[in-house]
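Colleague: For reference, the sequence and a predicted model appear below.
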Amino acid sequence: MAPTFLPLALLAVAVLGRVFRPASQCPGYRATNVLRGDSYLVADLRLIGNCESYSNDINDLRLLVEYQTESRLHVLIEDADNQVYQVQEQVLPRPKSQNASAGSSALKFSFTENPFTFSVTRASTGEVLFDTSDSPLIFQSQYLQLRTSLPRSPNIYGLGEHSDDFRLPTDNYTRTLWNAESPFIPNRQNLYGSHPVYFDHRGASGTHGVFLLSASGMDIRLSQTDSGRKYLEYNTIGGVFDFYFLAGPEPASVSKQYAEVVGFPAMQQYWTLGFHQCKYGWPTIDHVAQVVANYSAAGIPLETVWGDIDYMHGKRDFTSDPVRYPIDKVRALVDTLHRNNQHYVQILDPGIRNTPGYGPYDRGAEQGAFIRAADGSFYRGLQWPGEVVWPDWFAPGTQDWWTNEIRTFYSPTSGIPVDGLWVDMNEASNMCADTTCPASAPPGPPTQASHRTTAGHTTSSPPHLGLPGRDLLHPAYPLANHHGALSARTLATNLTNADGTTQYDTHNLYGTSMALATHAALQHLHPAKRPFVLTRSTSPGAGRAAAHWFGDNTSSWAHYRAAIRQMLASGALHAQPLAGSDVCGFNGQAGPRLCARWAVLGAWQPFYRNHADAGSGDQEFYRWADVAAAARRAVAVRYRLLDYLYTALWRASGDGGGGLVVVVSPVWFAYPADEATWGVQTQWFLGAALLVSPVVEDESQRVEFYLPQDVWYDFWTGEMVRGGVKVVDGVGWGDIPVHIRGGSIVPMRVRSANTTAETRRENFAITVAPGMDGTARGELYLDDGESRDVGSNKSMIRFAWDGESFVANGTFGYRTHVVVESVLVLGQAGGKGKTHRGPWGLNEAFGFRL
């Protein structure tokens with residue numbers, strides 16, 4: 001269980017023999033030397049009096065306020081000496097200020113000088129969005145605190161990664177951000193990723209976002225004072241206060257503004273939207289081949305086969321077991337997959353077996369690619385292959401070493417020609433329970449001569465490396481890490497990285513750093529193609545390099561429901577759109593009813609992979625007749641919608657300009673003024689047009705869901721439906737309620753096929769769903785589905801229906817023989833819809849009138 005925390009407002013308490021002053025007694029800072037410009041404000045902040053609640057006060061701070069754009073306000077509070085750690089630009093590049101005028105900004109910054117507090121308001125209404133006046137600023141060597149007031153009944157979302165309610169509780173609730181391996185994705189605990197961004201939705205008055213750019217471990221508390229005032233409070237064990245305030249006011253606008261800060265998600269290849277199958281515990285490559293054959297025999301399309309650590313020799317990266325997975329037989333299977341337009345992905349873990357004579361270790365040691373312990377030796381831990389060393393992603397030789405290992409082992413001509421890579425255990429997960437693990441070097445302060453030493457750190461050192469003199473293993477503030485101590489089951493936090501920073505400060509970046517390095521390596525392996533990387537551990541900006549799955553969930557109805565909440569957070573709030581859960585669950589035994597439901601639900605999430613643990617039973621879809629039937633239907637409709645999905649993915653990506661369309665979103669994104677939508681967490685929009693409302697109760701065939709007041713159309717029948725609470729009984733195990741939002745145009749393939757490549761050769765059928773005003777809009781993006789740079793070889797086709805005529809306009813750079821066979825306008829011909837027959841080509845504009 002996590003430690004129990006007492007409010008800091010209580011009487012002073014003693015920890016490890018030291019008395020700590022409660023926050024309410026801290027005097028805070030005074031602002032001086034204020035300088036204003038049209039787009040900025042700077043000031044010095046001087047400590048008024050000692051606080052030392054959990055560590056040493058930092059006397060002198062600097063305030064920088066930038067009106068970066070008309071919708072983005074940057075507020076940075078840092079130490080005046082620039083010693084305190086800040087996230088490296090190589091991991092998260094900062095957005096450039098566009099020097100917007102304070103007078104034209106949607107947000108207004110104001111402050112009091114003594115004691116220093118600040119607020120952010122919405123310029124158009126004067127509504128206060130962020131207000132620190134109720135609590136003093138605390139800025140210490142190992143503890144920072146800042147509190148903002150919240151509305152009386154707040155709607156707060158984000159602060160992931162977690163498995164809790166999508167709309168966060170706001171009464172005695174703590175979100176801990178410290179990346180940790182988290183089997184069974186426990187509730188109210190820190191999980192695999194840390195994303196200190198939240199969306200504050202206030203109905204008709206708008207939505208705004210607050211992003212704290214920090215990699216530090218932190219507890220974010222949502223609670224209320226004795227007088228009933230709601231608040232959100234940051235409690236971090238390091239770093240600075242580097243805030244980005246995002247004005248919205250539309251919810252999807254906040255998503256775009258956040259992506260402008262952390263980076264837009266990478267555009268993925270078309271095939272990644274297909275159905276994927278994996279299993280830890282497949283004993284041989286012959287068994288894997290049989291799985292592929294069984295899917296084919298069952299008539300269930302299978303796009304990609306994944307290799308878990310079973311393929312490795314002694315569970316070592318960049319090896320293939322010579323008996324169970326001989327490279328020639330693995331290559332033969334991959335060649336067969338490729339001939340059938342299917343794909344293959346393998347896993348990599350960060351732990352490299354500590355064995356001289358093992359090539360990846362020898363070459364990494366020569367390049368200085370591994371993290372060093374206090375005595376100068378490589379720091380050792382335990383992971384799947386046994387005793388391991390760990391890549392130092394900040395060492396100058398690590399990227400070249402990692403790229404060379406990937407380029408050699410996965411060589412298309414002599415290695416295993418994978419189509420993507422999966423990076424796991426990268427929190428980093430260490431099977432050593434703590435720093436006394438026999439495989440680890442003894443704990444101690446960093447003293448490696450080639451690194452910055454604690455004793456030698458001065459203000460003349462490079463900036464932002466981290467303050468000297470800190471207790472990097474056991475800080476006084478007790479972070480609510482569910483493993484206990486900071487270093488438990490991960491890398492020791494007192495280790496020094498090659499750039500002089502420490503794991504204490506960079507821990508939460510390890511997984512994203514590995515994903516970035518793998519993404520860069522794949523660019524060398526396949527220079528013309530978009531890299532595909534799947535990562536478990538994430539931090540802000542991870543979507544620039546990788547897709548994400550939610551880790552080791554369980555085959556349970558509770559985790560079936562949690563998959564929806566996690567998908568909404570990742571896709572709509574954290575700029576990671578290609579995301580999803582392990583379908584049918586990773587741990588435990590999946591029964592046929594749960595697996596059938598999950599097979600259908602998974603088809604409507606962006607990333608669609610069935611995966612199970614070695615100790616779980618086989619759960620490939622074909623193993624139960626009812627699940628196979630459900631999967632055939634689910635995959636078929638997903639494949640018909642691949643281009644609709646691909647268009648949404650492109651629109652949300654940097655290549656697509658980061659449009660307002662997110663791939664998945666909660667219902668309140670589309671209906672922000674409808675209070676009934678604010679707590680909905682079992683429905684979602686896929687793209688802008690399709691509202692998915694699955695059965696969510698255990699072993700049930702009944703579903704109750706909410707359609708906002710609008711025009712809707714049943715996706716399966718085309719029947720027009722009005723808004724309200726709906727109850728549907730007798731929902732088959734392979735069925736799922738889906739509705740098209742009125743005002744939408746949805747392009748679909750006429751038929752599905754066995755692979756995404758074959759599906760791309762099918763023609764289109766377009767469905768028009770007129771809104772209340774009788775009009776509708778939609779779009780279709782086309783390119784070759786894989787190139788990093790498609791240039792002008794792309795089409796962005798916009799469809800419009802005005803009640804009497806249908807028009808397709810846009811750009812038509814992608815040449816295709818595929819045509820639009822028909823356009824179905826729903827709501828016509830007595831409500832059944834009227835079909836207009838083509839064909840119409842997709843290489844130029846076209847249209848028709850009634």
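Modeller: Thanks, I have the structure now.
Colleague: Format the CA atom coordinates belonging to the longest strand seen in the chain as CSV.
Modeller: Assignment by DSSP state E gives strand 703-714 as the longest strand of the chain. Extracted as CSV, the C-alpha positions of strand 703-714 are listed here (Å, rounded to 0.1, in the frame of the first residue of the first chain):
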residue,chain,number,x,y,z
VAL,A,703,-26.2,-1.4,-22.5
GLU,A,704,-27.4,2.0,-21.4
PHE,A,705,-25.8,5.0,-23.1
TYR,A,706,-26.3,8.6,-23.8
LEU,A,707,-26.7,10.4,-27.2
PRO,A,708,-26.6,14.2,-26.9
GLN,A,709,-29.5,16.2,-28.3
ASP,A,710,-28.7,16.0,-32.0
VAL,A,711,-29.5,14.0,-35.1
TRP,A,712,-27.9,10.5,-35.0
TYR,A,713,-27.9,7.5,-37.3
ASP,A,714,-27.5,3.9,-36.4
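Colleague: List the buried residues in that strand.
Modeller: Within strand 703-714, the residues scored as buried using 16 or more other CB atoms under 10 Å are 703, 705, 706, 707, 708, 710, 711, 712, 713. The way it works is simple: take the backbone N, C-alpha and C, and place the C-beta from them, glycine included.
Colleague: Check whether the fifth one really touches residue 666, as I assumed.
Modeller: No - counting by CB atoms under 8 Å, residue 708 stays clear of residue 666, with 11.8 Å between them.
Colleague: Mind listing the shared neighbours of these two?
Modeller: Counting by CB atoms under 8 Å, 6 or more residues apart in numbering, the shared contacts of residue 708 and residue 666 are residue 677.
Colleague: Tell me the gap between stretch 524-540 and the middle of its chain.
Modeller: The chain centroid and the centroid of stretch 524-540 are separated by 14 Å, computed with CA atoms, centre = their mean, to the nearest Å.
Colleague: Dump that stretch to CSV, restricted to CA.
Modeller: Extracted C-alpha coordinates of stretch 524-540, given in CSV (Å, rounded to 0.1, in the frame of the first residue of the first chain):
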residue,chain,number,x,y,z
HIS,A,524,18.6,4.4,-40.7
LEU,A,525,17.4,0.8,-41.2
HIS,A,526,14.6,1.9,-43.6
PRO,A,527,15.3,5.5,-44.6
ALA,A,528,12.3,5.8,-46.9
LYS,A,529,9.7,4.5,-44.5
ARG,A,530,8.0,5.9,-41.4
PRO,A,531,9.4,4.0,-38.4
PHE,A,532,7.0,2.1,-36.2
VAL,A,533,7.9,1.9,-32.5
LEU,A,534,5.6,0.7,-29.7
THR,A,535,6.6,1.7,-26.2
ARG,A,536,5.4,0.9,-22.7
SER,A,537,6.9,3.8,-20.7
THR,A,538,6.1,7.3,-21.8
SER,A,539,6.5,10.9,-20.9
PRO,A,540,5.4,14.2,-22.6
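Colleague: quick one on the thing from earlier: so what secondary structure elements neighbour the very next helix or strand once past the longest strand of the chain?
Modeller: Scanning forward in sequence from strand 703-714 by DSSP states H and E, the next helix or strand is strand 720-728. When contacts are defined as 3 or more CB pairs under 8 Å, 6 or more residues apart in numbering; DSSP states H and E, strand 720-728 sits against strand 703-714.
Colleague: in its sheet, what does the strand it packs on sit against?
Modeller: Strand 703-714 sits in its sheet next to strand 720-728 (antiparallel), strand 738-741 (antiparallel), going by DSSP bridges.
Colleague: Out of those strands, which one sits most buried?
Modeller: Mean neighbour count (mean count of other CB atoms under 10 Å) peaks for strand 738-741 among the strands paired with strand 703-714, with a mean of 22.
Colleague: Run the angle between the helix or strand following that one and strand 703-714 for me.
Modeller: Per DSSP H and E, the first helix or strand lying C-terminal to strand 738-741 is strand 744-749. Computed by axes from the mean of the first three to the mean of the last three CA atoms, to 10 degrees, the angle separating strand 744-749 from strand 703-714 equals 90 degrees.
Colleague: could I get strand 744-749 in CSV with only the CA atoms?
Modeller: Provided in CSV are the C-alpha atoms of strand 744-749 (Å, rounded to 0.1, in the frame of the first residue of the first chain):
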residue,chain,number,x,y,z
SER,A,744,-20.9,13.9,-41.0
ILE,A,745,-19.7,12.2,-44.1
VAL,A,746,-17.9,8.8,-43.6
PRO,A,747,-15.8,7.2,-46.4
MET,A,748,-15.6,3.4,-46.2
ARG,A,749,-14.2,0.7,-48.4
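Colleague: Low-confidence stretches in the chain?
Modeller: Confidence mapping of the chain against pLDDT under 70 gives the ranges 1-21, 438-461, 658-660.
Colleague: any idea where the helices of it begin and end?
Modeller: In the chain, the segments counted as helices under DSSP state H are 251-262, 285-298, 327-339, 359-367, 398-409, 503-506, 510-525, 557-568, 592-602, 625-640, 642-652, 667-670, 756-759.
Colleague: right, so of these, which gets closest to residue 217?
Modeller: helix 503-506 (8.3 Å; CB to CB).
Colleague: starting at the chain centroid, how far to the closest one?
Modeller: Taking CA atoms, centre = their mean, the mean C-alpha location of helix 503-506 is offset from the chain mean by 21 Å.
Colleague: Ok, stretch 100-109 next?
Modeller: Its chain's average C-alpha position is 30 Å from that of stretch 100-109, according to CA atoms, centre = their mean.
Colleague: Endpoints of it, how far apart?
Modeller: 13 Å (CA to CA, to the nearest Å).
Colleague: Please enumerate residues in contact with it?
Modeller: Residues outside stretch 100-109 that contact it (CB under 8 Å, 6+ apart): 38-39, 41, 65, 67-73, 75, 118-124, 129, 245, 247, 249.
Colleague: In PyMOL, select just the buried ones from those residues.
Modeller: Buried subset of those, written as a PyMOL selection, criterion 16+ other CB under 10 Å:
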select buried, resi 39+41+65+67+68+69+71+72+73+75+118+119+120+121+122+129+245+247+249
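Colleague: Spatially, what comes nearest to residue 566 if we skip its sequence neighbours?
Modeller: Closest residue to residue 566 apart from its sequence neighbours, by CB to CB, 6 or more residues apart in numbering: residue 550 at 4.7 Å.
Colleague: give the contact list for that neighbour.
Modeller: 161, 185, 191, 192, 563, 566, 570, 579, 580, 581, 582.
Colleague: Going by neighbour count, which of the residues you listed comes out on top?
Modeller: residue 570 (32 neighbours; other CB atoms under 10 Å).
Colleague: now that residue, nearest residue through space, not along the chain?
Modeller: In space, and not counting its chain neighbours, residue 570 is closest to residue 579: 4.0 Å by CB to CB, 6+ apart.
Colleague: residue contacts, the one you found?
Modeller: Residue 579 sits next to 547, 548, 549, 550, 566, 567, 570, 571, 605, 606, 607 when contact means CB under 8 Å, 6+ apart.
Colleague: same thing but 7 Å
Modeller: Listed by CB atoms under 7 Å, 6 or more residues apart in numbering, the contact partners of residue 579 are 547, 548, 549, 567, 570, 571, 606, 607.
Colleague: Next one: it from residue 670, what distance?
Modeller: From residue 579 across to residue 670, the span is 20 Å (CB to CB, to the nearest Å).
Colleague: Likewise for residue 360?
Modeller: In terms of CB to CB, residue 360 sits 49 Å off from residue 670.
Colleague: Next: residue 769.
Modeller: As judged by CB to CB, residue 769 and residue 670 stand 14 Å apart.
Colleague: Who has more neighbours out of the two?
Modeller: It is residue 769, of residue 769 and residue 670, that has more neighbours when counted by other CB under 10 Å, with 28 against 19.
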